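Peer 1: Need a 3D model of the following:
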Amino acid sequence: MPFRKINCDVKLAAVKLHEQNILSLEQILDCVGFSERTFWPMIKLWREMGDVVQHSYGAPGRPRTLNFDDVNYLLQLVKHRPDWFLDELPLLLSDNRFISVHYTTIYRELSRAGISCKKLKKIAKERNE
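Peer 2: Numbers count the residues shown, from 1 in each chain. You can find the predicted model right below:
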């Protein structure tokens, strides 16, 4: 059967029915509509953690290389000198902030901050006037 999300209440009901021996395992699985292969890891999780779902805390994925202050420093650099190329910014970061990052990381962080090539051109054009 393909992956599908099973409601926590349904899982909890299945666990309670099993623990209190109200129904047999076959009857429980027939009622809730998932397999035995799904049921046993859920029971194991219930016994170890006291919950039928595994909660993830914090942001998923790898932690960011640049923190808030580093991104603000980059934004100040870009607004001060919008004509700098991306390959020049990692050198400034390593010299002034002691952080070694690739220029693609800088590009992604600037994109997340809302800075695009179009905005940089606009800032540079305003400076020249």
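Peer 1: which stretches of this protein aren't confidently modelled?
Peer 2: 1-2, 118-120, 123-124, 127, 129 (pLDDT under 70).
Peer 1: need the helices for it, in chain order.
Peer 2: 8-19, 25-32, 36-49, 68-80, 89-96, 103-112, 117-128 (DSSP state H).
Peer 1: From the contact counts, what lies against the longest one?
Peer 2: On a contact count with 3 or more Cβ pairs under 8 Å, 6 or more residues apart in numbering; DSSP states H and E, helix 36-49 meets helix 8-19, helix 25-32. All C-beta spots, glycine's among them, are computed from the backbone N, C-alpha and C.
Peer 1: so how far is stretch 109-125 from its chain's centroid?
Peer 2: 24 Å (Cα atoms, centre = their mean, to the nearest Å).
Peer 1: Next, the distance between the ends of it.
Peer 2: 23 Å (Cα to Cα, to the nearest Å).
Peer 1: Please report how far the closest residue to residue 75 other than its chain neighbours lies from residue 48.
Peer 2: Spatial nearest neighbour of residue 75, excluding adjacent residues (Cβ to Cβ, 6 or more residues apart in numbering): residue 113 at 5.9 Å. For residue 113, the distance to residue 48 equals 42 Å [Cβ to Cβ, to the nearest Å].
Peer 1: Looking at the two, which has the bigger crowd around it?
Peer 2: Per other Cβ atoms under 10 Å, whichever of residue 113 and residue 48 has more neighbours is residue 113, with 13 against 9.
Peer 1: residues touching the more buried one, list them.
Peer 2: 71, 74, 75 (Cβ atoms under 8 Å, 6 or more residues apart in numbering).
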